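Asks: Provide a 3D model corresponding to the input given below.
(one chain, ligands or ions: 1)
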Amino acid sequence: MTETVLNAEVVVLGGGPGGYSAAFRAADLGKQVVLVEREPVLGGVCLNVGCIPSKALLHTALIIHETQEMAEHGISFTKPELDLDKIRSWKESVTKTLNGGLSGLAKQRQVTVLHGVGQFTSANSLSVQGETETTVVNFQNAIIAAGSQPTKIPTFPNDDPRLWDSTDALALSQIPKKLLIVGGGIIGLEMATVYHAFGSEISVVELMDQIIPGCDKDLITPLFRRIKKQYKDIWLETRVTAIEAQEDGLKVSFDRADSLSAGGIPTVPGGQGKGAPESELFDAVLVAVGRRPNGKLIAADLAGVNVNEQGFIPVDKQQRTNVPHIFAIGDIVGNPMLAHKAVHEGKVAAEVIAGHKAGFDALTIPSVAYTDPEIAWMGLTETCAKQQGIAYDKAAFPWAASGRSLSMGRKEGITKILCEKETGRILGAGMVGPNAGELIAEAVLALEMGADAEDISLTIHPHPTLSETFAFAAEMITGTITDLYIKK
Ligand code: NAD
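Replies: Coordinates of the predicted model:
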């Protein structure tokens with residue numbers, strides 16, 4: 001095995017969205033950069049086994065659902081035929097295009113990309129173990145962007161190919177007849193959307209008393225109502241106590257969860273899970289109960305970098321770890337584990353290294369579940385506003401009064417806005433309905449710009465669009481709405 005030595009002004013460990021953004025920004029600021037990625041391609045979990053392939057499959061699922069629902073509009077399609085190989089290779093073509101784009105962007109910036117497993121050997125050196133050679137990178141500054149991995153439940157038969165994590169689910173190796181999703185969070189529900197469209201019978205089991213526990217219940221309700229009809233079962237406040245591998249399937253046992261509710265209120269311990277059977281047999285089980293940071297896998301101690309018990313690396317607003325020339329960004333520094341948060345943090349770290357006065361001071365990080373309907377929220381949730389005793393005005397505009405939504409055959413959507421009682425300033429917003437994930441960006445901008453309900457309601461939104469619903473919600477607060485009648 002050969003050993004090469006490289007010097008870098010900045011080494012970035014991890015080539016996901018946070019890592020490559022940090023590397024590219026640092027290069028644009030004149031730094032000589034080495035980017036280390038253990039996989040043979042750039043893009044990390046998000047591009048290769050996360051956000052992007054799931055969106056490619058969700059688009060397919062949406063088309064299947066939409067064609068089914070067009071019967072009510074007078075157009076009937078025959079049952080779609082699935083060519084799994086073709087769906088898979090189309091999904092892969094999307095990620096390959098983006099992989100190619102990223103290596104092109106790295107080349108244009110003269111960022112050296114090293115493929116191999118990187119681990120610290122000291123506070124100024126990293127060893128990168130490639131397939132055939134080891135490279136030692138001596139660095140002046142490092143940005144750790146080594147991400148996270150799916151949480152495994154150790155008592156489950158994790159080596160059984162019928163027990164999936166999100167990567168297995170995205171591989172689309174087969175369409176199981178009966179699929180159980182453990183965890184009613186974003187990954188679980190996005191994958192449920194895909195496999196339901198492809199013909200699996202779906203059951204969901206969730207520990208808490210609502211799906212997507214971080215989001216306000218009123219925004220969840222339209223999704224919950226729709227999937228309750230589509231899926232075989234959704235068991236809330238239910239724990240999986242065991243999974244036993246049998247020849248004819250995975251036997252899953254359930255019990256009532258003695259969990260905290262989404263509002264932090266303890267639920268009654270003991271007893272049977274809400275409506276769940278004692279046990280049931282499934283052809284496949286997807287475990288999507290969160291992700292854990294990779295902080296303990298990079299020999300951070302050899303660089304003197306603190307890693308907490310869970311594997312997170314504490315950082316300050318400049319993304320600096322306890323070692324002043326080593327920075328960390330993305331999933332490895334804390335929740336929410338979202339690509340767009342990592343990208344912003346990556347740019348901050350690169351700018352601080354280049355001597356800029358930068359800091360991560362975003363007022364909010366938006367969340368989106370790309371389910372059908374989509375759910376998106378940002379800023380203060382109503383649950384948090386209540387918990388913190390913040391005085392707010394609230395409006396929720398029903399999409400049943402939006403011509404655009406009705407013309408799409410959808411009327412379950414809601415656009416909700418929370419404004420500070422005294423000033424009218426926007427505190428938070430949430431949307432549920434088709435394209436909610438696209439619509440939330442306007443609310444984020446409004447929050448960052450300190451807009452109040454009047455600013456939003458006086459901003460002319462094109463008609464007829466779903467974006468109008470945001471202005472209508474603001475008009476409900478200012479009292480100027482004419483598209484609804486609100487009794488004084
Ligand atoms: P999550 O934390 O969003 O959801 C996990 C769910 O599992 C929670 O509802 C939790 O209450 C439940 N749960 C935990 N333990 C359980 C158990 N033993 N039995 C039943 N339910 C249990 O995690 P995720 O969906 O795995 O996603 C992981 C991360 O990836 C999150 O940070 C998420 O935001 C991110 N992600 C984001 C997107 C997106 O932005 N669209 C998509 C995918 C993933």
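Asks: near the ligand, which residues of the chain?
Replies: Residues of the chain found near the ligand (Cβ under 6 Å from any ligand atom) are 182-188, 190, 205-208, 213, 239-240, 288-291, 336-338, 368-370. In short, each C-beta sits where N, CA and C put it, glycine included.
Asks: which of these fall in strands?
Replies: 182, 205, 239-240, 291, 368-369 (DSSP state E).
Asks: OK, contacts around the residue of the chain found nearest the ligand?
Replies: Nearest residue of the chain to the ligand: Gly185, at 1.8 Å (Cβ to the nearest ligand atom). Gly185 makes contacts with 206, 211-213, 288-290, as judged by Cβ atoms under 8 Å, 6 or more residues apart in numbering.
Asks: want to try CSV for the ones in strands among the residues of the chain next to the ligand, with pLDDT and neighbour count as columns?
Replies: Formatted as CSV, these follow (pLDDT from 0 to 100; neighbours: other Cβ atoms under 10 Å):
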residue, pLDDT, neighbour count
Val182, 98, 24
Val205, 97, 26
Arg239, 93, 18
Val240, 95, 24
Arg291, 97, 20
Val368, 98, 21
Ala369, 98, 27
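Asks: what's the residue closest to the geometric middle of this structure?
Replies: The chain has Leu338 as the residue nearest its centroid, 5.2 Å off, counting by Cα atoms, centre = their mean.
Asks: can you pull the phi/psi pair for Leu445?
Replies: phi -60, psi -40 (degrees, to the nearest 10).
Asks: what is the neighbour count of the closest residue to it other than its chain neighbours?
Replies: Nearest non-adjacent residue to Leu445, counting by Cβ to Cβ, 6 or more residues apart in numbering: Ala451, 8.0 Å away. As a burial measure, Ala451 scores 19 neighbours (other Cβ atoms under 10 Å).
Asks: next: Glu438.
Replies: Glu438, neighbours per other Cβ under 10 Å, totals 14.
Asks: kindly report the same for Pro373.
Replies: When neighbours are defined as other Cβ under 10 Å, Pro373 has 23 of them.
Asks: so how far is Ser125 from the closest residue to it other than its chain neighbours?
Replies: Nearest residue to Pro373 in three dimensions, chain neighbours excluded: Gly433, at 4.9 Å (Cβ to Cβ, 6+ apart). From Gly433 across to Ser125, the span is 52 Å (Cβ to Cβ, to the nearest Å).
Asks: pick out whichever of those two has more residues nearby.
Replies: Gly433 (27 against 17).
Asks: where does pLDDT dip in the stretch 351-488 of the chain?
Replies: The stretch 351-488 of the chain contains no residues with pLDDT under 70.
Asks: tell me where the model's unsure across the stretch 1-150 of the chain.
Replies: If you take pLDDT under 70 as the line, the stretch 1-150 of the chain has these spans: 1.
Asks: which residues touch the nearest residue in space to Leu406 that is not next to it in sequence?
Replies: Distance criterion Cβ to Cβ, 6+ apart; nearest residue to Leu406, sequence neighbours excluded, is Ala400 at 7.2 Å. Neighbour list for Ala400: 406, 411-413 [criterion: Cβ under 8 Å, 6+ apart].
Asks: all helices of this protein, in order?
Replies: For the chain, the helices defined by DSSP state H occupy 17-28, 44-49, 51-69, 84-108, 166-171, 186-197, 217-230, 339-353, 382-387, 403-407, 436-448, 453-457, 468-478.
Asks: which one of these is the most hemmed in?
Replies: For those, the largest average neighbour count (mean count of other Cβ atoms under 10 Å) is found in helix 17-28, namely a mean of 27.
Asks: just to revisit the earlier point, which one of the contacts of Gly185 is nearest to Leu35?
Replies: Nearest to Leu35 among the contacts of Gly185, counting by Cβ to Cβ, is Gly290 at 27.4 Å.
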